[in-house]
Structure formats: structure tokens, C-alpha cells
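Participant: compute the structure for the input listed below.
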Amino acid sequence: AIVGFERKCLRKILSVAVLVLYPLLNMGIVIFRIHEHFAFFIETILHKNITLTSRTYIWDTALELIKQSPFWGYRIDAPDIDAWYSGHNQYIQMLYESGLVSLLLLIFLITYGVKKLNRFMSNVDASLTLTIIFSLLIVMVAEAPGWDSIFIVLFLSHLQISCYEERRLNCKYAD
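Facilitator: Model prediction:
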């Protein structure tokens, strides 16, 4: 009973981390600049710039442009921005390029995948898949590598879930 309770707690913690804490952390850094409260640690100990290598300037510029076309983004008609190569944040990049509509669709896909995986967290590979998704999302706070890695992991997790469900179904008929 204790092991089952521990697994259930771990499952809840990972799900809350991916679905609630991560978006709050992302918004906290990008919009509210919570990292500035750790300036001493960032500048003195890590020897890094508080602007996160000028990413905060890029985010400010992109957020202003996003306000002009929030729902659909700019697609190919993007305004020319000096030194704009990447939003250095995958979410800002997505909002800039394709707007809130596509971001909401992506959030739905990630949420759906995480909730489905959550049912099978007692399996080591399901918790590993969730850890990979969480790790990729963390990287996307400070980089814009594209969504292909997340889509590949979500696709593989869908196959993984299908195998779990098929095994569960076969076990029912074997009895």
C-alpha cells in the first residue's frame, strides 16, 4: 500500500510539474523577470549576465510585436527585427510566428499526452517519457529549437500508451 501511495504521489508531482509549475516558471522568467531576484547568484556565482545573454531584450521586442497580432501571429509577413534570428524561447517564437491559436493547440496536445501517460506511471518507461517531455520543455524556456522533438516524443508516447492499453486488454481476455 505504501509503494502504491508513493507511486501515486510521484505521478501527481510530475504531472503538476509539467502542466502547472512549468508554465508558471516560464511566464515568471519571461514576463515577470523573477530571475532578477537571484541576481547575486546569477552574476556573482554563475558569472552570467542578468539579461540572460540579452534574451530579455529579444523577449521584450517580440512581446511588443505579438501584442499587434496575438491570435494568428505573423506567419511569413513578419516585420524585420534587427538581430532577430530566434525568439530564444520556443513559446514566444510560436506566438510570434503563428499566434495564440497554435499555442493553445500545442498546449492541448501536450496536456492530452501527459494525462494519458499519467495512467501508466507505474511503468518505468512511461515515467522516463514524461521526464523527457519535461526536460524538453525546460530547454524551450531559453532556446527555440522547434517543436519537432516534442512532437516526436508525443508520437512515441502515443504508441507506448497504445501498447500498454493493448496489453491490458489482452490480460482481461486471458482470464
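Participant: could you use CA atoms for every contact and neighbour count after this?
Facilitator: Will do.
Participant: who are the neighbours in contact with the residue positioned nearest the centre of the chain?
Facilitator: In the chain, the C-alpha nearest the mean C-alpha coordinate belongs to L137, at 3.1 Å (CA atoms, centre = their mean). Contacts for L137 were tallied using CA atoms under 8 Å, 6 or more residues apart in numbering; they are Y22.
Participant: again, only using 10 Å
Facilitator: By CA atoms under 10 Å, 6 or more residues apart in numbering, the residues touching L137 are 18, 22-23, 26, 90-91, 131, 143, 147, 150.
Participant: so where's the chain uncertain?
Facilitator: 1-8, 10-12, 14-15, 18, 76-86, 172-175 (pLDDT under 70).
Participant: 90 instead, please
Facilitator: 1-32, 42, 46, 48, 50-66, 68-70, 72-98, 103, 106-151, 153-175 (pLDDT under 90).
Participant: ok, V30 to N170 distance?
Facilitator: Using CA to CA, to the nearest Å, V30 is found at 47 Å from N170.
Participant: these two: which has the busier surroundings?
Facilitator: Per other CA atoms under 10 Å, whichever of V30 and N170 has more neighbours is V30, with 20 against 11.
Participant: the helix ranked longest in the chain packs against which elements?
Facilitator: Using DSSP state H to define each element, the chain has its longest helix at helix 90-118. When contacts are defined as 3 or more CA pairs under 10 Å, 6 or more residues apart in numbering; DSSP states H and E, helix 90-118 packs onto helix 2-16, helix 22-30, helix 55-68, helix 124-142, helix 148-174.
Participant: any chance of these in CSV, plus distance to L109?
Facilitator: Formatted as CSV, the helices and strands packed on helix 90-118 follow (distance: least, CA to CA, whole Å):
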stretch, distance to L109
helix 2-16, 14
helix 22-30, 15
helix 55-68, 22
helix 124-142, 12
helix 148-174, 8
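Participant: so which of the ones you listed gets nearest T111?
Facilitator: The closest of the helices and strands packed on helix 90-118 to T111 is helix 2-16. By CA to CA, the value is 9.2 Å.
Participant: now do the same contact list for L19.
Facilitator: Applying CA under 10 Å, 6+ apart, we find L19 in contact with 13, 107, 110-111, 114-115, 134.
Participant: that's all I had, so thanks and see you.
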